[in-house]
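Enquirer: pasting the structure only:
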Ligand code: NDP
Ligand code: 2IT
């Protein structure tokens, strides 16, 4: 990066947010790709758009006390980062995972600004979460945690203010408990959360949306480059919400998904993963992926996550967590003939991995664009709640498909316009940024 203004903004971010490497990583990537835009648009520099964009509008950190099944008091830390409201109410998921700290929620909130902008729906960027680990907890413990979390959060959110949703560790069960507590505290039934159950205002196809959307995006990217999913060997990391529905849609498109993982290890099934078994183990029983061998003894299970990227494949869909593909794993993918990576997870590739993709001329679908189908469908859930109507699965899925096609086109054309044809990462960052930047400039120094 050569632009003196961007260098000074980034230096300031590094100084002010020392000790938050994931956040600095996310900001660095965006600022680097914005260089050609900033050189063309001195008006945005004058309006201080980038200086303002990197600083969250509001950061809320709170105590979450709850009582476990042994009657012991437990204390977690809760976060909500309301990052940017230039184009709509704050919107973004809630992550429940022991690794959560301020830097993780800030990187996710920052990325959410651009992702939400790309959906074309009116949603600002936010993210929340806690270092609570739902794994191994009883339903009662999870409920008491969620109620305590919402007892503080409710005063900061609302259907026209900030609309949280799911992310790692937050699925239908947790959203249900949080929604119930919000409704009780506010004495109002509103669409304050998305990813709700279908019996109380949730949208059909929201569960499938991130994984399906990832494949809709990937399909467009493949098509634009003379390829398709048909007959391709695909690796999907993770085995949670995003991974399961990415597998389902990729398989529907004619691909064979040969490996999936969880945080303990990965399974490899040359016959193609039996998704019904995965759904039973992960969605119903909440068990570990190694149980897959009870259904398919001919498959193999390997401890540790990293090895999954050494299995030869054509297309890789990382759907677990940040920085799960490092430079070495990316080299292994490239060496074994993988020609496309599209990100279901947020920031799953390290900067070194991304360099390897470009060096090897692999197709790269960045998270902000490729996984935007989840939040886009959350936006559709908000629309349905406002109208007090619900659309059919087919209607929602068709809208989602259209949105993902348009996101691909937006990335493709922005990359081309700014002289980086085929670099969808730059295209996503630039297209996402421009809408937010114009809005921030128009609304004055706020
Ligand atoms: P889930 O909690 O449903 O699943 C997460 C999966 O990733 C699990 O298989 C989990 O394994 C694995 N995983 C989590 N943390 C780690 C880790 N530190 N190392 C290795 N594996 C890990 O979450 P989602 O499927 O919802 O989210 C997956 C990714 O997709 C995240 O990056 C999320 O931010 C992103 N995303 C989610 C959206 C959504 O709508 N849900 C929308 C857009 C992006 P284990 O069970 O062992 O913990
Ligand atoms: O990272 C994400 O986009 C999500 N976890 C979904 C957020 C949402 O509001 O649906």
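Expert: Thanks, I have it. Predicted model, so just to flag it, every value in this text is computed and none were measured. Ligands and ions are numbered 1, 2, ... in the order given.

Enquirer: Name the residues of the stretch 251-400 of the chain found near ligand 1, please.
Expert: 262, 263, 264, 305, 319, 320, 321, 344, 345, 346, 371, 374 (CB under 6 Å from any ligand atom). Glycine gets a C-beta too; all of them are placed from N, C-alpha and C.

Enquirer: my read: the first one touches residue 239, true?
Expert: Yes: in this structure, residue 262 sits in contact with residue 239. The criterion is CB atoms under 8 Å, and the distance is 5.1 Å.

Enquirer: Now do the shared contacts for the two.
Expert: The contact sets of residue 262 and residue 239 overlap at 282, 289 (CB atoms under 8 Å, 6 or more residues apart in numbering).

Enquirer: These two: who's more crowded?
Expert: Per other CB atoms under 10 Å, whichever of residue 262 and residue 239 has more neighbours is residue 239, with 27 against 21.

Enquirer: show me the contacts for the more buried one.
Expert: Applying CB under 8 Å, 6+ apart to residue 239 gives the contacts 260, 261, 262, 278, 281, 282, 289.

Enquirer: residue contacts, the nearest residue in space to the last one that is not next to it in sequence?
Expert: When the adjacent residues along the chain are set aside, residue 289 lies closest to residue 262, with 4.3 Å between them (CB to CB, 6 or more residues apart in numbering). Contacts for residue 262 were tallied using CB under 8 Å, 6+ apart; they are 238, 239, 282, 288, 289, 320.

Enquirer: at 7 Å what do you get?
Expert: The contact partners of residue 262, taken as CB atoms under 7 Å, 6 or more residues apart in numbering, are 239, 288, 289.

Enquirer: Next: residue 130.
Expert: So residue 130 contacts 64, 76, 77, 78, 79, 96, 100, 149 (CB under 7 Å, 6+ apart).

Enquirer: Closest residue of the chain to ligand 1?
Expert: Here the chain gets closest to ligand 1 at one residue, residue 240, 1.7 Å apart by CB to the nearest ligand atom.

Enquirer: do you know how far that residue is from residue 257?
Expert: 15 Å (CB to CB, to the nearest Å).

Enquirer: excluding its backbone neighbours, what's nearest residue 403?
Expert: Ranked by CB to CB, 6+ apart and with sequence neighbours excluded, the top spatial neighbour of residue 403 is residue 376, at 4.7 Å.

Enquirer: ok but that neighbour is inside a helix, no?
Expert: Yes: the assignment for residue 376 by DSSP: H, G, I helix; E, B strand; the rest coil puts it in a helix.

Enquirer: how far away is it from residue 29?
Expert: 22 Å.

Enquirer: more crowded one of those two?
Expert: The residue with more neighbours, out of residue 376 and residue 29, is residue 376; 29 against 20, by other CB under 10 Å.

Enquirer: Surely that one touches residue 120?
Expert: No: with contact defined as CB atoms under 7 Å, residue 376 does not count as touching residue 120 (8.3 Å).

Enquirer: hey, what's in contact with both of those two?
Expert: What both residue 376 and residue 120 touch, as defined by CB under 7 Å, 6+ apart, is the set residue 403.

Enquirer: okay, now the closest residue to ligand 2 within the stretch 251-400 of the chain: neighbour count?
Expert: Nearest to ligand 2, among the residues of the stretch 251-400 of the chain, is residue 378, at 3.3 Å (CB to the nearest ligand atom). Residues near residue 378, counting by other CB under 10 Å, number 30.

Enquirer: Backbone dihedrals for residue 127, please?
Expert: Here is the backbone geometry of residue 127 (degrees, to the nearest 10): phi -160, psi 150.

Enquirer: and the closest residue to residue 349 other than its chain neighbours, what pLDDT?
Expert: With CB to CB, 6+ apart as the criterion, residue 349 has its nearest non-adjacent residue at 4.8 Å, and that residue is residue 325. Per-residue confidence (pLDDT) for residue 325: 98.

Enquirer: Residue 123 too?
Expert: Model confidence at residue 123, expressed as pLDDT, equals 98.

Enquirer: I'd say it and residue 116 touch.
Expert: Yes: the pair residue 123 / residue 116 is scored as a contact, 4.1 Å apart, by CB under 7 Å.

Enquirer: so what sits against both of the two?
Expert: Joint contacts of residue 123 and residue 116 (CB under 7 Å, 6+ apart) are 91, 375.

Enquirer: how close does residue 228 sit to residue 189?
Expert: According to CB to CB, residue 228 stands 45 Å off from residue 189.

Enquirer: let me fix that: residue 274
Expert: With CB to CB as the criterion, residue 274 and residue 189 are 40 Å apart.

Enquirer: Looking at those two, which one has more neighbours?
Expert: Taking neighbours as other CB under 10 Å, residue 274 and residue 189 compare with residue 274 leading, 15 against 12.

Enquirer: Let me know whether the more buried one touches residue 294 as I believe.
Expert: No: applying CB under 7 Å as the test, residue 274 and residue 294 come out as separate, 11.4 Å apart.

Enquirer: Residues of the stretch 251-400 of the chain that sit close to ligand 2?
Expert: Selection of the stretch 251-400 of the chain residues close to ligand 2 by CB under 6 Å from any ligand atom yields 346, 374, 375, 378.

Enquirer: Which parts of the stretch 101-250 of the chain are strands?
Expert: 124-130, 162-165, 233-236 (DSSP state E, counting those that start in this stretch).
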